[in-house]
Every structure is written in C-alpha cells, then in structure tokens.
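1. got a predicted structure plus its sequence, pasted below:
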Amino acid sequence: MIEVNDLSLFGKIVLGSTLLLFVGGLAIVGRLAARRVESEAEYLVADRQVPLWLCVLALLATWFGSSSVIESSTKMYRGGLGEVLLDPIACGATLILTGIFFAERFWKTQAATVADLFRQRFGSTAEQLSCAIQVPSFFLWIGSQFLAMGQLLESALGIPLDLSILLSAAVAWAIIVAGGMWAVTWANSIMILVSIASVLVLFGVTTFRIGDGDPFAGWSRVIDAAPKGHLRLDVPSVEKGLAILSVLLIGLLGNVPGQDLQQRVASANSAKTARWMCVVAGVLYLLFGLIPLYLGLAARWRFGDGLSESELPLNAIATEYLSEPLQILLIVGMFSLSLAVAAGSTLSQASIVSRHWLKPLRGLGRDLASGESLWGARASVGLVVAGSLAVAFSGESIMELLELSLVLVLVSLFVPMVIALFFPSPQPCPSVGNSAMIAGFIAWLLGFVFESRSGIPASLIGLTASVLAAWVAMQSARRR
C-alpha cells in the first residue's frame with residue numbers, strides 16, 4: 001500500500017478527515033440503497049435490474065484493486081513484460097472472454113451463484129464442493145484488502161495496525177449490510193470513479209513533468225529508455241513456455257467461475273447487458289492497466305536500479321512528481337480500490353454462505369423472491385467479514401497462499417462450469433461435475449508436490465485431469 005510518511009502534519013489531518021467523510025458518505029449510500037431491498041433477490045443480485053453503465057463501473061471496481069495498480073507497476077519496474085502477464089493482461093482478457101462466451105448463458109440460467117448452477121446440473125454434492133473451494137480462497141482475498149487498508153491507516157493516521165484493520169472491515173460491513181447488491185453497486189461506482197481520477201492525475205502529471213511540459217514527449221522518453229528486453233517476452237525453453245501458459249490460463253480461465261464475477265453477471269437487467277458489461281469492463285481494464293505499467297517504467301527512467309526491494313516504484317513516483325494535495329487524492333484513490341474489492345467480494349461470498357449453508361440448515365427453500373431469508377443474508381455478511389478478519393490478523397505470511405487458492409478455482413471449477421453451460425442435460429449428472437472437481441484437485445496436488453521433478457506446472461496437470469475425468473464421466477453416462 002502507498003506510504004504517506006512524507007506528508008506534513010496538516011496533510012495527514014486533511015487526509016484523515018477526507019477518508020472519514022468519504023467512507024461516511026459511502027455508508028449513507030448503503031443505507032439509502034436499503035430502502036428498495038425487500039427480498040433476497042434484491043439483496044443478492046439487485047433483482048436483476050442493474051443497467052449497463054452501473055454494471056460496468058461496479059464490475060471494474062471489483063476487478064481493479066489497489067494491488068493491480070501497485071503490484072503491476074512494481075513488477076514492470078523490476079522484471080518487465082514477462083512479469084505482468086497475469087495482471088493486467090490475462091485478468092483483463094478474462095472479462096472479455098466471459099462476456100463473449102459465458103455471461104449470457106449464465107444470466108439465462110437465473111442462478112444467483114455458481115453453486116446454484118452446479119446444483120441444477122450436477123446435484124447437491126457438487127454444489128457443496130464448489131462452495132468449499134471458493135469461500136476459503138476469498139477469505140484470503142478479502143483479508144488481504146483489509147490488511148492493505150489497515151496498513152494505510154496506520155501509516156496515515158498513526159492508528160495501531162490491529163485497530164486500523166478492524167476499522168477497515170467495519171467500513172466494508174457498514175456499506176454492504178443494509179443494502180446488499182444495490183449498496184455495493186452504487187458505492188463501488190463512486191469509488192472506481194475517484195480511483196480512476198487519482199490514477200489518471202498521477203499519469204498525467206508524470207508524463208507532463210518527464211516531458212518538460214509535453215506529455216507525448218514524456219511518454220516517448222520513458223518507453224525509449226526501457227531496459228533492453230524489458231518490453232519483450234522471451235520463451236527460451238519448453239519449461240518457460242509451459243510456465244507462461246500456466247500463468248495465462250490461471251488469469252484467463254481461473255477467474256471465470258469466480259462468484260464475484262458471476263454475481264455481477266446475474267445482477268444485470270438483461271442477458272445482453274451481462275455480455276456487454278463484461279466486454280466493456282474488460283477493455284477498460286486493459287486500457288487503465290497500461291497506466292501502472294507506464295508508471296513502473298517511469299520509475300525505472302527516473303531512478304534506474306536505485307529503488308530497494310522494500311520501496312514501491314508507484315510511491316517513489318508520486319512523491320517525486322505530485323504536490324501534497326494530489327498525493328492525498330492518490331491515497332484516497334488507492335484506499336477506495338481496496339475497499340471496493342473488499343465490499344464486492346464480501347457480498348459474493350456472503351451469497352454462498354447464506355444460500356448454500358444457512359438456508360439449508362434452517363430448512364428454507366431456494367426462492368429468491370422471498371424476504372424471509374434476508375436476515376440470513378445480512379448475517380452472512382458479518383460471518384464473511386469475521387472470517388476475513390481472522391486472515392488479515394494472521395499477517396503477511398498467510399497471504400502467500402492466495403495465489404495457490406486461486407489456482408484451485410481453475411483446476412476444480414472451470415471445467416464443470418463449461419459443461420453446465422454448454423452441455424445441458426434434462427437430468428442432473430452428479431458423476432460428471434464431482435469427478436471433474438475431485439480429479440482436478442487431486443492431480444493438481446500431486447503435480448504441486450512433484451513439480452520440481454516433472455517441470456510441468458501443477459495447474460496444467462490439474463486442468464488436464466479435470467477435462468479427462470469429465471469426459472470419461474460423460475461417456476459413461478451416455479452408455480447407461
């Protein structure tokens with residue numbers, strides 16, 4: 001997260017006041033949105049009434065986290081193009097892919113969650129397996145956002161880290177709990193506009209200053225000065241090629257079954273909106289994703305190899321070129337990005353907890369139109385926040401598991417989702433979905449253990465096993 005140690009005392013007071021007013025306003029937005037929420041459908045998927053422009057902004061906010069900005073600029077500074085294949089390139093492309101092939105089909109199933117889809121096509125066991133895979137991975141993801149926001153508050157205001165993390169989680173809970181999807185949609189739309197404005201300001205000032213008043217000259221100087229090989233993707237061996245393929249597949253396909261993405265799809269006011277929401281958001285993501293890459297190269301142009309491993313290139317550039325008021329804007333923008341991701345992801349996982357764990361325990365049906373399960377949905381928000389807090393308090397070490405948990409979604413859930421959407425069946429076929437998930441996980445685990453010997457990425461082994469297991473199960477089902 002961006003450091004604010006270079007701000008003056010007055011600047012830190014202004015920053016703290018701005019953050020307080022900003023998050024307070026977002027909480028009010030959440031409360032106002034609650035006025036139109038009377039059923040689970042309105043709480044979880046906004047009764048499938050969100051228009052295109054709001055869908056695009058809200059999805060972009062859920063996808064474009066502060067880690068996307070900070071990490072991609074850092075990786076571009078230190079390693080070049082080969083280090084940013086996952087984000088923003090593959091992660092942006094996955095939105096376009098989802099829009100072209102998956103969004104309309106998923107919207108037409110009328111499912112509120114990916115687990116709903118799996119229950120319809122494969123039965124209750126597949127439903128529960130998919131929930132068990134997704135929820136823990138998102139605890140890690142949401143917890144990392146709470147930790148990032150807590151670190152910023154600690155740096156900005158001198159608040160102890162543990163208390164800062166609690167405050168960050170409380171803000172996310174306050175935005176979501178009353179209004180659900182409507183609250184998250186409006187709040188995230190506001191936050192992404194603030195965040196994009198802050199990043200564009202940094203980009204504009206940087207290019208202007210580097211170009212001595214000519215932004216086009218600033219762009220050209222930075223690109224021309226990039227170290228040799230920094231803008232080229234080398235594939236010197238088969239092993240390197242497989243590693244690159246693995247990274248691209250994790251980003252391109254592994255995000256497709258994600259509940260945070262498909263819940264946005266389900267909230268769209270039509271199948272057409274669902275499709276174009278993803279395509280437009282993906283294009284915008286790739287365009288805005290170029291800015292952090294440029295800023296990483298700008299840091300290389302300005303500082304060379306002079307930044308230590310602990311120094312963030314984005315922070316160094318902001319300190320070098322931005323005035324204090326503009327630094328405050330950037331910090332608010334980065335805080336907004338983490339908060340938007342946390343809010344959207346928390347609601348997506350609360351949907352799973354509420355619909356697939358709490359409702360069955362209470363013996364309630366799956367009808368989204370009912371208002372009787374609203375309290376369960378709202379209680380689930382608190383449960384997800386609590387679980388994510390436990391991860392955030394564990395510190396940085398557990399965050400190393402985040403990438404592994406995301407790979408599990410690819411090897412376990414992508415193939416069953418493709419089958420459920422593209423190979424419909426009049427009757428549930430549990431063996432197909434269950435075998436694909438279990439085989440993918442087991443093969444990935446074995447591949448991970450022996451990856452150093454085989455030289456083949458475990459994700460490719462798991463995905464291949466999932467495809468083969470699903471194919472065998474489908475052939476077996478057809479012979480019956």
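-> Perfect, thanks for sending it.
2. how much space separates residue 70 from residue 127?
-> Noted for residue 70: a distance of 36 Å to residue 127, by Cβ to Cβ, to the nearest Å. In short, each C-beta sits where N, CA and C put it, glycine included.
3. from the chain's centre, how far out does stretch 131-138 sit?
-> Computed by Cα atoms, centre = their mean, to the nearest Å, the separation of stretch 131-138 from the middle of its chain amounts to 14 Å.
4. same question but for stretch 14-29, I mixed them up
-> Relative to its chain's centre, stretch 14-29 lies at 23 Å (Cα atoms, centre = their mean).
5. now do stretch 411-419
-> Distance, stretch centre to chain centre, for stretch 411-419: 19 Å (Cα atoms, centre = their mean).
6. give me the contact list for it.
-> Stretch 411-419 has contacts (Cβ atoms under 8 Å, 6 or more residues apart in numbering) with 102, 114, 117-118, 121-122, 126, 129-130, 133-134, 253-254, 256-257, 432-433, 436-437, 440-441, 443-444, 459, 462-463, 465-467, 470, 474.
7. inside helices: which ones of the residues you listed?
-> Judged by DSSP state H, the contacts of stretch 411-419 include 114, 117-118, 121-122, 126, 129-130, 133-134, 432-433, 436-437, 440-441, 443-444, 459, 462-463, 465-467, 470, 474 as members of helices.
8. just the buried residues of those.
-> 114, 117-118, 121-122, 126, 129-130, 133-134, 432-433, 436-437, 440-441, 443-444, 459, 462-463, 465-467, 470, 474 (16 or more other Cβ atoms under 10 Å).
9. residue 25: neighbour count?
-> Residues lying near residue 25 (other Cβ atoms under 10 Å) number 12.
10. give me the residue at the spatial middle of this structure.
-> Among the residues of the chain, the one closest to the centroid is residue 63, at 4.4 Å (Cα atoms, centre = their mean).
11. name the nearest residue to it, ignoring sequence neighbours.
-> Distances taken as Cβ to Cβ, 6 or more residues apart in numbering put residue 285 closest to residue 63, at 5.9 Å, once the chain neighbours are dropped.
12. how close does the closest residue in space to residue 230 that isn't next to it in sequence get to residue 296?
-> Leaving aside its chain neighbours, residue 230 sits nearest to residue 80 (3.7 Å; criterion: Cβ to Cβ, 6+ apart). Residue 80 sits 9 Å away from residue 296, going by Cβ to Cβ.
13. next one: residue 174
-> 35 Å.
14. ok, the two, which is more surrounded?
-> Neighbour count, other Cβ under 10 Å: between residue 174 and residue 296, residue 296 has more, with 29 against 18.
15. which SSE is the more buried one in?
-> Per DSSP states H and E: residue 296 is located in helix 271-303.
16. gap between the helix or strand that comes right after that helix and the chain center?
-> Moving toward the C-terminus from helix 271-303, the next helix or strand (DSSP H and E) is helix 313-321. Centre-to-centre, helix 313-321 and its host chain are 25 Å apart (Cα atoms, centre = their mean).
17. can you give me the buried ones in helix 313-321?
-> Residues 313, 314, 315, 316, 317, 318, 319, 321 are the ones in helix 313-321 that count as buried (16+ other Cβ under 10 Å).
18. do I have it right that residue 376 meets residue 357?
-> No. Shown here, residue 376 and residue 357 do not form a contact pair, counting by Cβ atoms under 8 Å, at 9.4 Å.
19. out of the two, which sits in the more crowded spot?
-> The neighbour count for residue 376 versus residue 357, taken as other Cβ under 10 Å, is higher for residue 376 (21 against 17).
20. quick one, what contacts that one?
-> 354, 358, 359, 362, 364.
21. can you do 7 Å?
-> Residue 376 makes contact with 354, 358, 359, 362, according to Cβ atoms under 7 Å, 6 or more residues apart in numbering.
22. what do you get for residue 289?
-> Residue 289 makes contact with 68, 72, 88, 92, according to Cβ under 7 Å, 6+ apart.
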